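# Sequence plus the predicted model coming up.
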Amino acid sequence: MEMYFVHDKRLGIDVPSLKRDWTRYSADTQSEILMHWEEIKGTIPDRVKELEAQINEKLHDLNEEEDFERSCLINDEISELASCINDLWIWFRTNEELSGKAHR
């Protein structure tokens, strides 16, 4: 499965990296890819919770911070974490698209 997925360091999960159109993979390969994706997909809610916990810590830090420049940096960090969460949910829903293609 390594040839069909790459680790996204920013998101903290492996994401699909298909080199050709989905329909060009055999039904067996599609099934294997989908099964592996289901395993990865199952970790996404926990990863989101981890990032939400980091956001909450940073919000606490932001509430305590008096230095404006440091507050801006913390705000940027919060924005990046929120962006990761958004991207994770997009990937979470990607399986629905792949599954639909596999059943056509």
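Arrived safely.

# Which secondary structure elements does the lowest-mean-pLDDT helix or strand in the chain sit against?
Every helix and strand in the chain was compared by mean pLDDT, DSSP states H and E; the lowest is helix 68-102, with a mean of 87. Here helix 68-102 touches strand 13-16, helix 27-41, helix 44-64, going by 3 or more Cβ pairs under 8 Å, 6 or more residues apart in numbering; DSSP states H and E. For every residue, glycine as well, the C-beta is placed using N, CA and C.

# looking at these, which is buried most?
Mean neighbours per residue, mean count of other Cβ atoms under 10 Å, is largest over the helices and strands packed on helix 68-102 for strand 13-16, with a mean of 18.

# Show me what that one pairs with in its sheet, parallel or antiparallel.
Sheet pairing of strand 13-16 (DSSP bridges) gives strand 5-8 (antiparallel).

# for the record, mean pLDDT for the partner strand?
Strand 5-8 carries an average pLDDT of 96.

# Pull it out as CSV, backbone CA atoms only.
Coordinates of each C-alpha in strand 5-8 appear next as CSV, following Å, rounded to 0.1, in the frame of the first residue of the first chain:
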residue,chain,number,x,y,z
PHE,A,5,-0.2,6.6,0.0
VAL,A,6,2.2,9.2,1.2
HIS,A,7,2.6,10.6,4.7
ASP,A,8,1.4,14.2,5.1
